[in-house]
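1. Compute the structure for the input listed below.
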Amino acid sequence: MNNERLIHPFGALYDENSEILILGSFPSVVSRQQNFYYANKQNRFWPLMSLLFEEEIKDRRQFCLDHHIALWDVIESCTIAGSSDSSIRDVKVNDIASLISETKIRAVFTTGAKAAALYRKYVHLDVPHYALPSTSAANAAMRLNNLLEKYTVIREVLDENT
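-> Here you go, the predicted structure:
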């Protein structure tokens, strides 16, 4: 697979009422083709969110806005081979500070080791950061119930001010 220099093909999903930000590293090939976050059917992000919030998700965009969840990625552009996080090079990060300043975001969650490492390296904000495991099928060691246990912190943070 060839390394390609790519620019993130779609924007952040958020509104002024967003309270948490969930960051991946960079969209997979399938997500880039479908122009939306966690679009690969093998990725467990959306089934996990459905379990976490105990509801069927009919409209992913509306679900996020209804629950005050912003979605974005750490990387604005990079060199990458396919969907491989391990191949990521020449990173330029998104302006996460600006997004946070336009919202009510009070916590940032990263999905996967690469997103967490990049966030820690390049983003220095006075907002709590929680590193969560990847929901990718490539993270086969984590079963859905294990992911649910780790991701429960999202509900805890959202429920703090309710």
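2. contacts and neighbour counts: CA atoms only from here.
-> OK.
3. In the chain, what helix or strand scores lowest on average pLDDT?
-> Sorting the helices and strands of the chain by mean pLDDT, DSSP states H and E puts strand 3-7 at the bottom, at a mean of 89.
4. Could you identify the helix or strand that succeeds that one?
-> strand 20-24 (DSSP states H and E).
5. List the strands paired with that next one, with their directions.
-> strand 69-73 (parallel), strand 107-111 (parallel) (DSSP bridges).
6. just the CA coordinates of the helix or strand that the last one is followed by, formatted as CSV?
-> Along the chain past strand 107-111, the next helix or strand (assigned with DSSP H and E) turns out to be helix 113-122. Output for helix 113-122, consisting of C-alpha atoms alone and laid out as CSV, is shown next (Å, rounded to 0.1, in the frame of the first residue of the first chain):
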residue,chain,number,x,y,z
ALA,A,113,-3.2,4.8,21.2
LYS,A,114,-2.1,6.8,18.1
ALA,A,115,-4.8,9.5,18.7
ALA,A,116,-3.8,9.7,22.4
ALA,A,117,-0.1,9.9,21.7
LEU,A,118,-0.6,12.7,19.0
TYR,A,119,-2.9,14.6,21.3
ARG,A,120,-0.3,14.5,24.2
LYS,A,121,2.5,15.5,21.9
TYR,A,122,0.9,18.4,20.0
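7. any idea of the pLDDT on the residue lying closest to residue 57 once chain neighbours are set aside?
-> Of all residues not flanking residue 57 in the chain, residue 50 sits nearest, at 6.1 Å (Cα to Cα, 6 or more residues apart in numbering). pLDDT, residue 50: 97.
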